[in-house]
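Q: kindly generate the corresponding structure for this input.
(one chain, ligands or ions: 2)
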Amino acid sequence: MRVLLAGGAGYIGAHTAVALIEAGHDVLVVDDLSNSSAQAIARVEQITGADVPLLIADVRDEEAVAAFVRTHAPVDAVINFAGLKAVGESVAEPVRYYDVNLGAAIVLLKVMKTEGIRTIVFSSSATVYGDPEHLPLSEESRTGIDLANPYGKTKRIIEEILRDAATADAQLQAVSLRYFNPVGAHESGLIGEDPTGTPNNLMPYVARVAVGSLDRVGIFGDDYDTPDGTGQRDYIHVVDLAAGHVAALEHAGPGYDVFNLGTGVPVSVLELIAAFERAAGRELPRQILPRRAGDVAASYCDPSKAQRDLGWTAARTIDDAARDSWNWQSRNPNGYAGD
Ligand code: NAD
Ligand code: WQD
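A: Ligands and ions are numbered 1, 2, ... in the order given. So this is what the prediction gives:
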């Protein structure tokens, strides 16, 4: 199949492009490069030997996206990675977050209608569960739009837009994938996570400490009700996550469905740092800081629905992710800007 990746130059999109091409599919990418580099697509081409057409445009430019799709017709499916994703920024700039994230999803659905594309896979997030009532989180767990931050609300609202669109159009196949905490990099070290400025997320922060561009890891609280007192998360290797998109596309049927993509294994902040120390072969300076506002003690999923319905399961461990993240960071200390 031929798949349009909206936001495909980003961290998860680039890894998914590689997985799709390696599974025998063709990909094309629309990305405004607001949080990524065209170099990521060049590296996807280097890894796979495939040509990846790239349209540099805002995905909300409906005419440009439709024309791109027509040029590469027939396009069979869309994966929507495009959007803004910084939780704290979304609290400060809610209107921009609703504008970009909802606008991108709506324009893609409109283009799909005019161009006769029936399948869409959407990057949702574990953030839609808010503060978990029960662990592990299943797809049936409580979600709401009463979430603490506008970013999470955009994910929840887009899920409902997809559900309504699939109810109205019997031919539409729509899937939301609720990612837990994506980490790691492609084993080649050619593509990886390249956040702008100081990373918000733990693993890229730890990677910058390991490479020496940041002084020490700040641990946001060691007094949670968890085995070692630090927060627990379900860290999913980005190459496993990418494979989950291939499985979702290949198994999509009419209607709307939602899947958790995670490992089901809780890993604490201290355990992640220890895995990175093993990978990098050095001790990493750290400091206990107060809890970060809005953080939950623990979040991890029950991944059995994806295993049952998609035949997908996460194969890689936190040590695999730390090794691959360190490989990417040490080969590319300045990310794609080093090229
Ligand atoms: P990313 O920022 O690396 O990728 C998003 C891409 O979308 C970037 O390349 C960016 O340039 C592009 N983009 C943004 N707005 C655009 C627009 N209007 N038009 C065209 N392109 C646009 O982020 P990522 O980590 O790869 O995340 C991909 C998706 O997965 C996002 O929707 C994110 O919300 C979601 N997600 C990410 C995580 C995570 O921790 N990384 C977790 C859960 C869900
Ligand atoms: C993980 C753990 C922190 C940084 C966020 C978004 C979520 C999703 C993934 C998009 C927590 C601790 C972190 C640091 C630390 N994104 N930590 N020091 O908060 O689970 O999820 O990214 O959808 O929506 O909220 O991920 O990597 O920021 O934090 O101690 O410098 O690491 O307290 O326990 P989080 P994270």
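
Q: and the nearest residue to D223 once chain neighbours are set aside, what is it in contact with?
A: Leaving aside its chain neighbours, D223 sits nearest to G229 (5.5 Å; criterion: CB to CB, 6 or more residues apart in numbering). In short, each C-beta sits where N, CA and C put it, glycine included. With contact taken as CB atoms under 8 Å, 6 or more residues apart in numbering, G229 is in contact with G221, D222, D223.

Q: cool, and W328?
A: Contacts of W328 by CB under 8 Å, 6+ apart are A185, H186, G189, L190, I191, G192, E193, A207.

Q: redo those residues as TSV? Include neighbour count, pLDDT and secondary structure.
A: Output for the contacts of W328, formatted as TSV (neighbours: other CB atoms under 10 Å; pLDDT from 0 to 100; DSSP: H, G, I helix; E, B strand; the rest coil):
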residue	neighbour count	pLDDT	secondary structure
A185	29	98	coil
H186	21	98	coil
G189	17	98	coil
L190	20	98	coil
I191	27	98	coil
G192	27	98	coil
E193	23	97	coil
A207	28	97	helix
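
Q: right, and D194 touches Y11 too?
A: Yes - D194 lies in contact with Y11 (CB atoms under 8 Å); the separation is 7.2 Å.

Q: which residues are common contacts for those two?
A: Common neighbours of D194 and Y11, counting by CB under 8 Å, 6+ apart, are S36.

Q: can you name every helix or strand that the helix or strand encompassing A243 contacts?
A: Assigned by DSSP states H and E, A243 belongs to helix 238-251. Judged by 3 or more CB pairs under 8 Å, 6 or more residues apart in numbering; DSSP states H and E, the packing partners of helix 238-251 are helix 11-22, strand 77-80, strand 119-125, strand 173-179, strand 181-183, strand 255-261, helix 304-310.

Q: please name the nearest non-neighbouring residue to P290.
A: In space, P290 is closest to G221, 6.6 Å off (CB to CB, 6+ apart).

Q: pull the contacting residues for that neighbour.
A: Residues near G221 by CB under 8 Å, 6+ apart: G229, T230, G231, I288, L289, P290, R291, R292, D295.

Q: go with 10 Å
A: Contacts for G221 (CB atoms under 10 Å, 6 or more residues apart in numbering) come out as G229, T230, G231, V269, I288, L289, P290, R291, R292, D295, A297.

Q: looks to me like the fifth one is in a strand.
A: What that stands for is I288. Yes - assessed by DSSP: H, G, I helix; E, B strand; the rest coil, I288 belongs to a strand.

Q: quick one, what contacts it?
A: Applying CB under 10 Å, 6+ apart, the residues near I288 are G218, I219, F220, G221, D222, D223, G229, T230, V269.

Q: how much space is there between it and T230?
A: Separation of I288 from T230 (CB to CB, to the nearest Å): 9 Å.

Q: per-residue pLDDT, E133?
A: Looking at E133, its pLDDT is 89.

Q: doesn't S299 make contact with it?
A: No - E133 is beyond contact range of S299, at 11.8 Å (criterion: CB atoms under 10 Å).

Q: what's near enough to touch the closest residue to ligand 2 within the chain?
A: Using CB to the nearest ligand atom, the single residue of the chain nearest to ligand 2 is G231, 2.4 Å away. Applying CB under 10 Å, 6+ apart, we find G231 in contact with 202, 219-222, 224, 266-270, 272, 291-292, 295-299.

Q: could you redo the last one with a cut-off of 6 Å?
A: For G231, the contacting residues are Y224, V269, by CB atoms under 6 Å, 6 or more residues apart in numbering.

Q: now do the same for it: its pLDDT.
A: pLDDT, G231: 98.

Q: that one and ligand 1, how far apart?
A: For G231, the distance to ligand 1 equals 15 Å [CB to the nearest ligand atom, to the nearest Å].

Q: which residue ranges of the stretch 201-339 of the chain form helices?
A: Remark: helices assigned in the stretch 201-339 of the chain by DSSP state H, counting those that start in this stretch are 202-211, 238-251, 269-280, 304-310, 318-331.

Q: go through stretch 190-203 and flag the buried ones.
A: Buried residues in stretch 190-203, counted by 16 or more other CB atoms under 10 Å: L190, I191, G192, E193, D194, P195, P199, N201, L202, M203.

Q: most widely separated two among those?
A: L190 and L202 (23.0 Å; CB to CB).

Q: can you check the pLDDT for E139?
A: 98.

Q: got it, and D146?
A: 67.

Q: please identify the helix or strand for R142.
A: When elements are assigned from DSSP H and E, R142 belongs to no helix and no strand.

Q: and ligand 1, which of the contacts of W328 contact it?
A: The overlap between those and the neighbours of ligand 1 (CB under 6 Å from any ligand atom) is empty.

Q: possible to save those as a markdown table with distance to W312?
A: Shown next, in a markdown table, are the contacts of W328 (distance: CB to CB, whole Å):
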| residue | distance to W312 |
| --- | --- |
| A185 | 20 |
| H186 | 18 |
| G189 | 25 |
| L190 | 24 |
| I191 | 21 |
| G192 | 22 |
| E193 | 21 |
| A207 | 26 |
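
Q: just give me the closest of those to L54.
A: Ranked by distance to L54 (CB to CB), the contacts of W328 are led by I191 at 14.3 Å.
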